[in-house]
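Trainee: here are the coordinates; sequence isn't available:
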């Protein structure tokens with residue numbers, strides 16, 4: 001059976017000042033896409049991406065449309081060279097680039113959605129302050145037990161199941177502190193993350209209904225290429241199911257480990273991270289068994305495109 005290709009889009013945390021610069025300098029199509037995203041979002045995305053300052057780029061309100069636009073600039077360049085995907089996936093925010101690439105959402109509606117999503121999440125984070133921590137060296141079942149026990153001190157949830165030994169938890173500061181002590185007792189390590197909100201937890205669940213209402217008015221098409229969703233780690237095809245899943249995603253756990261396992265079971269053996277940095281590539285390398293031969297690549301410059309074409 002021939003191997004298949006999965007295109008992966010990163011989310012918040014992969015940004016850097018200067019992202020997309022090489023494409024903007026080399027390809028007029030990149031500038032056109034970013035200009036369209038600027039117009040729809042009403043935000044100075046090009047300046048934020050190329051000049052920052054970092055504290056403004058990393059504001060959730062700014063970062064969600066900026067990151068999504070750069071992800072799509074990178075994909076546009078790769079697709080223009082004839083690269084095709086068997087699956088699209090995205091980590092948290094990255095799922096929106098995946099939906100656009102798969103034909104579920106138009107570019108305009110994608111940028112509109114992530115701009116509103118960023119605004120709603122920023123609103124909820126201000127109203128319900130919290131944080132996130134990466135737990136390493138412990139398996140998901142142990143972390144789930146720790147979360148259940150630490151909830152005596154406040155709201156807490158598993159936000160991301162990133163790999164067999166990396167789970168991100170999210171919630172109230174007191175509950176995170178209690179969880180950190182329990183993690184230490186179990187032989188793991190808890191690493192506080194530099195984030196501005198308790199993403200993928202009940203602290204920001206107040207955004208879900210408002211976002212669901214926004215989704216209700218936008219056209220949603222069946223994917224032309226399968227998308228595995230964060231909430232279910234499975235494909236969805238119906239417009240109603242896609243809308244419901246995307247609304248839930250804001251406060252639900254990102255099942256990345258299961259997504260990659262599903263892709264491997266579907267004979268995906270080429271993973272291409274399309275967008276800034278190589279966070280997802282690193283996670284895939286941790287997940288793929290040693291005896292399974294996979295090609296893992298990353299594209300956020302024209303040089304990266306050429307490397308993909310050579311390897312394919």
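Mentor: Thanks, I have it. The shown structure was predicted, so the numbers you read here are calculated from the model rather than taken from an experiment.
Trainee: Enumerate every residue touching residue 195.
Mentor: By Cβ atoms under 8 Å, 6 or more residues apart in numbering, the contact set of residue 195 is 12, 13, 131, 132. To be clear about C-beta, it is placed using only N, CA and C from the backbone, and glycine gets the same treatment.
Trainee: contact partners of stretch 19-30?
Mentor: Contact with stretch 19-30 is made by 31, 34, 46, 49-50, 69-70, 73-74, 76-77, 80, 276, 300-303, as judged by Cβ under 8 Å, 6+ apart.
Trainee: Repeat the analysis, applying 6 Å as the threshold.
Mentor: When contacts are defined by Cβ atoms under 6 Å, 6 or more residues apart in numbering, stretch 19-30 is touched by residues 31, 49, 50, 70, 73, 77, 276, 301, 302.
Trainee: So which of the residues you listed belong to helices?
Mentor: Among the contacts of stretch 19-30, the members found in helices (DSSP state H) are 31, 49, 50, 70, 73, 77, 302.
Trainee: Ranking by neighbours, what's the top pick from those?
Mentor: Among the ones in helices among the contacts of stretch 19-30, the one with the most neighbours (other Cβ atoms under 10 Å) is residue 70, at 31 neighbours.
Trainee: what's the nearest residue to that one if we skip its chain neighbours?
Mentor: Spatially, and ignoring its direct neighbours in sequence, residue 70 is nearest to residue 20 (4.3 Å; Cβ to Cβ, 6 or more residues apart in numbering).
Trainee: The most far-flung residue of the chain relative to its centre and residue 140, how far apart?
Mentor: Computed with Cα atoms, centre = their mean, the maximum C-alpha offset from the centroid of the chain is found at residue 185, amounting to 30.7 Å. Distance of residue 185 to residue 140, computed by Cβ to Cβ, to the nearest Å: 17 Å.
Trainee: if we can go back for a sec, going through the contacts of residue 195, which ones are buried?
Mentor: By neighbour count, with 16 or more other Cβ atoms under 10 Å, those hold 12, 13, 131, 132 as buried.
Trainee: what lines up beside the helix or strand where the last one lies in the sheet?
Mentor: Meaning residue 132. When secondary structure is defined by DSSP states H and E, residue 132 falls within strand 131-136. Partners of strand 131-136 in the sheet, by DSSP bridges, are strand 166-171 (antiparallel), strand 189-192 (antiparallel).
Trainee: most packed of these?
Mentor: Counting by mean count of other Cβ atoms under 10 Å, strand 166-171 has the highest mean neighbour count of the strands paired with strand 131-136, with a mean of 27.
Trainee: what's in contact with it?
Mentor: Residues outside strand 166-171 that contact it (Cβ under 6 Å, 6+ apart): 130, 132-136, 140, 143, 147, 155-161, 179, 198-201.
Trainee: Show me the helices in the stretch 1-150 of the chain, by range?
Mentor: Secondary structure of the stretch 1-150 of the chain (DSSP state H, counting those that start in this stretch): helices at 21-26, 28-41, 45-51, 54-57, 60-80, 94-101, 107-127, 140-150.
Trainee: elements contacting the fourth one?
Mentor: In terms of contact count using 3 or more Cβ pairs under 6 Å, 6 or more residues apart in numbering; DSSP states H and E, helix 54-57 is assigned no packing partners among helices or strands.
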